[in-house]
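Visitor: Sequence and predicted structure below; questions after.
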Amino acid sequence: MHHFRVVFGFVLSMVLVLPAQLQAQTDADAKIHRVRQRRSLFPNLRLPSARAIKSPGVRFTQTCDPSWYPHSAVVFITIGIEGEPTPVEYCSTFTAPQGTQQAGVTYSLGFHLPTGTGVDCGNGTCHFNYNLRLLDANGNTLNQLSGYATPPVAATWTCYDDPESPPAKACYSTTPVVVDVSSLTANGPAELTLAASLGTEIGAWGVTQMEVAAAAGELVSLRTLKFDYEAGTNDAVGMKIDETTDIPEFEWQAGVRETPATEAAFTSETIAPAAYVSGQPLRVKAQFTGLYEYQGAVVKATITMADGSPSPYGELGQQTVSFDYDENFEWVSTPLVLTSTQSATAIAARDLKFNWQIVSVQYREDAYRTLPWWLAFPSSVGSRTTTHRIYTLYRAPVDSMAVPWAKALELSSGMMSTLTGSSTEESAVHLIADGIFYSRWTEYDTRFFKPVRHYGYNPSANCSCGSATAQLFNLSNVLSRLAATEWQWVELQCNDSSNFHAILASSQGITARPTYIYDTRGIQLQPTALYSRAGIGLCSTGCWIDQFNYHQVASLGEPLYDTSARSATGSVPVCTLGANLYGLLHAAYLAAAFPTQPLSDTGFLRPTVGVGGCTCQ
Amino acid sequence: MSRPVVLGSLAFLALGVVSAQKAPEPWSKEHREKVAREYGISDLKLPYKDAGEPPFSTAQPVADWLKQRFKAHIYPSLTRGSVLKEFTGEFSNTSVEDEVKVIVSGVNFIISVADTIEGGGNTTSNFLARSQVNYEKGSFSGSPVGDWTARRFDRGAGASLVFFRKNAFVFLSCGEAIEVAKADKSRRVILPDASLRQKCEDLARDIDAELVNLPVAAKEVK
């Protein structure tokens, strides 16, 4: 090969030189030796071993080495060492997580031209051809930088006297670009490949050297998010998914918990939800990882609704994070709280997209660094999008739902979605009663489970638990049954539906104990007025008149909200539906539901309602 | 505290005592015993105790049978260690299904085994004491199911049976058939099924037949 011939000629000429020239030549050899021992222009890149470098002619479409980093890759090639074949190629593959919007790519070229050796670049005639590419999984080039470098070309770059290995000139060029990869990551993670090729045809081999390097991907990566990060009311409300499923340590964790919540069951990969009281901003503690070269980064996140429309929370205001080693010797930022610029007042269960952005990075101070890369990194490189189920609650949860279940919040938030934090408790209790009576959960999307069945009131349907003053409601059982694939109703007795109401109200911070109604004389209540049953009555032309041992309804203090019955007129076989029995005081309720029941002989107890298993024993 | 207030308080307390004697607190032990007397459960003379028969030890086999026979959803509600003592469940019978509609009738049940031989009656009276509605003694056909049976027919809603055998308790609710439109899941009750009560009782007898074969607790060695 030609460059071997050049090197051989160089060595032969050294043997034949005159003695008078020997000392000068010895000095030149020393310089050459020192040049060969010089540091890389890119000394801090943590690179694969030289053995991983592929042989000439290897196509990038073949399997490349997996990156050392989870969501980014670095490639680096230098040539100019004797015996190295050219072109030298190297590629590295990494994964861009689902939702990654943009990949930052920085191309770096370095040209090292020794002086005073008499063999500098074949009297200036050497040249290198380089190619740096970002490829998708099919080998399509997403972006590339390629060219032909000669000493005159390099002279147009930024040049300086190399302080590490004089006498030499070093020139470098950095080109930052941002590549849109959103279409590749829309439906899942995308495999991306960063490839480098560097060759030469003519050169003063072993003396003049060229280096190419590129870094691509998520150069600063989101590592964890923690919404419920402390006791107290500043952060998210402490919650659970359901009775047996706690919220994990991190609601979102790179590589572990990245799957947005759906109606499917919560798993070890599902992003956990968070809840904030109406009027409070979102606060989330975020931790990032960065390339070892970074000392810190300025990060922020815009927040949108799932469809891209603006969210009521504004954005997570930017913060500067600093990187350091953690206890596992990983280069991570100190977890820092980001706070939303706005707060929401409307009660809701929202899917919010956090579009994380790296505004800028600061490089580590490094005595060996010669390239001012801090000039190279583009601002606002889109990092990634994370999707979170966020509940905006009416009040801080209380009573049996002081640590609310996400599944309960799915139901109560949907029922109260027309309210804000300044709405009255009466309106909230009213809507929850209405939501249960009409099985409103079948009308909106939910996460973590899919309640598809309607509730039907059946006074002989079930077994209630506890006593008339302290009851237990088997919420797990009812939620499971609502999500079962059966066509018929989930039949509940009056205790169940009114206790269900109390628990959903608790999840939104409202204490709304039910009211147990009985005859204090120890006899049955007087017959009911003609009434229609929740669920069942809505599909039947018939109504009912019953005699009950007791009745139990939802309530907020004295105003009663019957979650089982609705008034009716006409007759038992053919009736017309009347109004729901909502917001009535004791006397008015008895007149409407039990018209011959004397108020003076009627007891009204207000049992507490706990969540727990029920048994008949 | 002034004297009139004290007297007033005493009068209130006295009134409370009279009231407590008149009507037991809802769902209290006294209330349950009253219900047991009214339904004749406490007067039953069952042979198990005198014969030294051990109680059923687990409800698991009948849960397995319901799952296998009817593809029932089973929700355990009480276990002791790994032993299933009580469960609720449901299944549906589909009589018609085409592209636009499905006609189904649903069955709900609670089945438990108590720890003691008297537990069947106690669980039944506990259930009835907490029931919003009264039941009638006996089955629909008049032929008993288990050791003691009560029934209720709720026009337009369904038929229910409560019975116990030894220490096992069963509540069975058989709903009227409903027609569900597949497009919007709207539903309507179709003409009442005159045979619903008999079908429900037949199912109760099938369950009772499974109860008879439940394993029993090992006899205590003295």
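Guide: That came through, no problem.
Visitor: what residues are up against A:V553?
Guide: By C-beta atoms under 8 Å, 6 or more residues apart in numbering or on different chains, the contact set of A:V553 is A:C494, A:S498, A:P514, A:T515, A:I517, A:L560, A:Y561, A:D562, A:T563, A:S564, A:L581, A:Y589. In this view, the C-beta of every residue, glycine as well, is placed from N, C-alpha and C.
Visitor: Give me the distance between it and A:T569.
Guide: To A:T569, A:V553 is 20 Å away according to C-beta to C-beta, to the nearest Å.
Visitor: Which of the contacts of A:V553 fall in strands?
Guide: Mapping the contacts of A:V553 onto strands (DSSP state E) picks out A:T515, A:I517, A:L560, A:Y561, A:D562, A:T563, A:S564, A:L581.
Visitor: Include pLDDT, distance to A:A272 and neighbour count when you put the residues you listed into CSV, please.
Guide: Rendered in CSV, the data for the ones in strands among the contacts of A:V553 read as follows (pLDDT from 0 to 100; distance: C-beta to C-beta, whole Å; neighbours: other C-beta atoms under 10 Å in any protein chain shown):
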residue, pLDDT, distance to A:A272, neighbour count
A:T515, 97, 36, 25
A:I517, 96, 41, 24
A:L560, 98, 37, 28
A:Y561, 98, 33, 28
A:D562, 98, 36, 28
A:T563, 97, 31, 30
A:S564, 96, 35, 31
A:L581, 97, 39, 23
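Visitor: And those, which is closest to A:R395?
Guide: A:Y561 (18.3 Å; C-beta to C-beta).
Visitor: Who's the closest spatial neighbour of the closest one, skipping the chain neighbours?
Guide: Closest residue to A:Y561 apart from its sequence neighbours, by C-beta to C-beta, 6 or more residues apart in numbering or on different chains: A:A433 at 3.7 Å.
Visitor: cool, A:T386 as well?
Guide: A:F354 is the one closest to A:T386 (C-beta to C-beta, 6+ apart), at 4.9 Å.
Visitor: Could you pull up the contacting residues of the one you found?
Guide: Applying C-beta under 8 Å, 6+ apart, the residues near A:F354 are A:A301, A:T302, A:I303, A:L316, A:T385, A:T386, A:T387, A:H388.
Visitor: what residues are up against A:W544?
Guide: By C-beta under 8 Å, 6+ apart, the neighbours of A:W544 are A:T528, A:L530, A:Y531, A:S532, A:R533, A:G537, A:V572, B:D154, B:R155, B:G156, B:A157.
Visitor: State the distance from A:F111 to A:Y148.
Guide: In terms of C-beta to C-beta, A:F111 sits 12 Å off from A:Y148.
Visitor: okay, and the common contacts of these two?
Guide: A:F128.
Visitor: Between the two, tell me which one has more neighbours.
Guide: A:F111 (26 against 9; other C-beta atoms under 10 Å in any protein chain shown).
Visitor: What's the per-residue pLDDT of that one here?
Guide: Here, the pLDDT recorded for A:F111 equals 83.
Visitor: Then A:Y582?
Guide: 97.
Visitor: Spit out the contact partners of whichever residue of chain B sits closest to chain A.
Guide: Going by C-beta to the nearest C-beta, chain A is nearest to B:A23 of chain B, at 2.8 Å. Neighbouring residues of B:A23 by C-beta under 8 Å, 6+ apart: A:D519, A:T520, A:R521, A:G522, A:I523.
Visitor: any idea how far the second one lies from A:G557?
Guide: If you measure A:T520 against A:G557 using C-beta to C-beta, the figure is 20 Å.
Visitor: got it, and the fourth one?
Guide: Here the criterion is C-beta to C-beta. By it, A:G522 lies 26 Å from A:G557.
Visitor: same check, this time on A:M210
Guide: 82 Å.
Visitor: go on, A:K240?
Guide: Applying C-beta to C-beta, the value for A:K240 to A:G557 is 29 Å.
Visitor: higher neighbour count, the two?
Guide: Neighbours were tallied for A:K240 and for A:G557 using other C-beta under 10 Å; the higher tally belongs to A:K240 (17 against 14).
Visitor: contacting residues for the more buried one?
Guide: A:K240 touches A:D246, A:I247, A:V403, A:P404, A:W405, A:A406, counting by C-beta under 8 Å, 6+ apart.
Visitor: Please repeat the previous calculation with a cut-off of 7 Å.
Guide: Counting by C-beta atoms under 7 Å, 6 or more residues apart in numbering or on different chains, A:K240 makes contact with A:D246, A:I247, A:V403, A:W405.
Visitor: for the last one, phi and psi?
Guide: In other words, A:W405. phi -90, psi 140 (degrees, to the nearest 10).
Visitor: Using the three-state scheme, assign the most centrally placed residue in chain A.
Guide: Closest to where the C-alpha atoms of chain A average out (C-alpha atoms, centre = their mean) is A:T386, at 3.0 Å. Secondary structure state of A:T386, per DSSP: H, G, I helix; E, B strand; the rest coil, is strand.
Visitor: Direction included, what does whichever strand or helix holds A:V361 pair up with?
Guide: Assigned by DSSP states H and E, A:V361 falls within strand A:348-363. Strand A:348-363 has these partner strands in its sheet, going by DSSP bridges: strand A:294-305 (antiparallel), strand A:381-393 (antiparallel).
Visitor: Contact partners for the residue most central in space within chain B?
Guide: With distances taken as C-alpha atoms, centre = their mean, the residue of chain B nearest its centroid is B:F171 (2.8 Å). Applying C-beta under 7 Å, 6+ apart to B:F171 gives the contacts A:C463, B:F109, B:I110, B:F127, B:V162.
Visitor: Wait, the fourth one touches B:V162, no?
Guide: Yes - using C-beta atoms under 7 Å, B:F127 is in contact with B:V162, at 6.4 Å.
Visitor: more neighbours, those two?
Guide: Just comparing B:F127 and B:V162: by other C-beta under 10 Å the higher neighbour count belongs to B:V162, 27 against 24.
Visitor: ok, A:L134 touching A:E191?
Guide: No - the pair A:L134 and A:E191 does not pass the contact test of C-beta under 7 Å, sitting 11.7 Å apart.
Visitor: okay, the two: which has more neighbours?
Guide: A:L134 (24 against 15).
Visitor: so after the longest strand along chain B, what's the next helix or strand?
Guide: Secondary structure of chain B per DSSP E: the longest strand is strand B:83-97. Once the chain leaves strand B:83-97, the next helix or strand it forms, by DSSP H and E, is strand B:101-113.
Visitor: What about the contacts of B:A23, which one has the most neighbours?
Guide: A:D519 (20 neighbours).
Visitor: Can you pull the phi and psi angles for that one?
Guide: Dihedral angles (degrees, to the nearest 10) for A:D519: phi -90, psi 120.
Visitor: same question, A:L479
Guide: phi -60, psi -40.
Visitor: What separation do you get for it and A:L352?
Guide: Distance from A:L479 to A:L352, by C-beta to C-beta: 24 Å.
Visitor: Also A:A231?
Guide: A:A231 is 24 Å from A:L352, by C-beta to C-beta.
Visitor: Which one's more surrounded, the two?
Guide: Set A:A231 next to A:L352 and count neighbours by other C-beta under 10 Å: A:L352 wins out with 21 against 8.
Visitor: hang on, isn't B:E179 packed against B:K101?
Guide: Yes - counting by C-beta under 7 Å, B:E179 does reach B:K101; the two are 5.5 Å apart.
Visitor: for the residue nearest to B:A36 when sequence neighbours are not counted, what are its contacts?
Guide: Once flanking residues are discounted, B:A36 sits nearest to B:S125: 3.7 Å by C-beta to C-beta, 6+ apart. Listed by C-beta under 7 Å, 6+ apart, the contact set of B:S125 reads B:R32, B:V35, B:A36, B:Y39, B:I41.
Visitor: That concludes my questions; thank you for your assistance.
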